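Q: got a predicted structure here, sequence first:
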Amino acid sequence: AHELKVKLLSKELEMVRAASEKQNTELQHTDQNIQQLQKALKQKEWELQDVTSLKNARIEDLEKQMKQMEVNTHRLQEEFQRKHADVDRYAREKEASLTAAKEAHAERER
């Protein structure tokens, strides 16, 4: 009976050791998976940061281009208005000159 008890306890001890080894192996695999996932997450975070930086730089560049275009458009509009005013003034001067010449001609004929 005593030998049977020793045999059963030895068998049980062997099973506990095997289960413990299996759990330790699984724990190591789990730890490795966690490290790999953390590494992959860090890599994705870096990639996201890079993409975000590129996007922000592109937005800043486009905003500068848009501001420059607005400045150019405003300058061109002012130049157009100035030239239009010059042409308008020139046309009124010519009209006044022509009217004066007609009046002078009409006076001479009288």
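A: Good, I have the coordinates.

Q: helix, strand, or coil at Leu48?
A: At Leu48 the chain is in helix, as set by DSSP: H, G, I helix; E, B strand; the rest coil.

Q: pLDDT score for it?
A: Looking at Leu48, its pLDDT reads 98.

Q: burial count for it?
A: With neighbours defined by other Cβ atoms under 10 Å, the count for Leu48 comes to 10. C-beta: built from backbone N, CA, C; applies to glycine.

Q: what does Gln35 give?
A: Gln35: 10 neighbours (other Cβ under 10 Å).

Q: so which strand or helix has it?
A: Using DSSP states H and E, the element containing Gln35 is helix 2-109.

Q: can you tell me the centre-most residue of this structure?
A: Nearest to the geometric centre of the chain sits Lys55, at 2.3 Å (Cα atoms, centre = their mean).

Q: how much space between that one and Asp61?
A: 11 Å (Cβ to Cβ, to the nearest Å).

Q: OK, contacts around Gln32?
A: Gln32 sits next to no residue when contact means Cβ atoms under 8 Å, 6 or more residues apart in numbering.

Q: distance of it from Ala40?
A: 13 Å.

Q: so what's the gap between stretch 78-88 and the chain middle?
A: How far stretch 78-88 lies from its chain's middle: 41 Å, per Cα atoms, centre = their mean, to the nearest Å.

Q: let me see the mean pLDDT of that stretch.
A: Average pLDDT, stretch 78-88: 97.

Q: so what touches that stretch?
A: For stretch 78-88, there are no external contacting residues (Cβ under 8 Å, 6+ apart).

Q: thanks a lot, see you next time.
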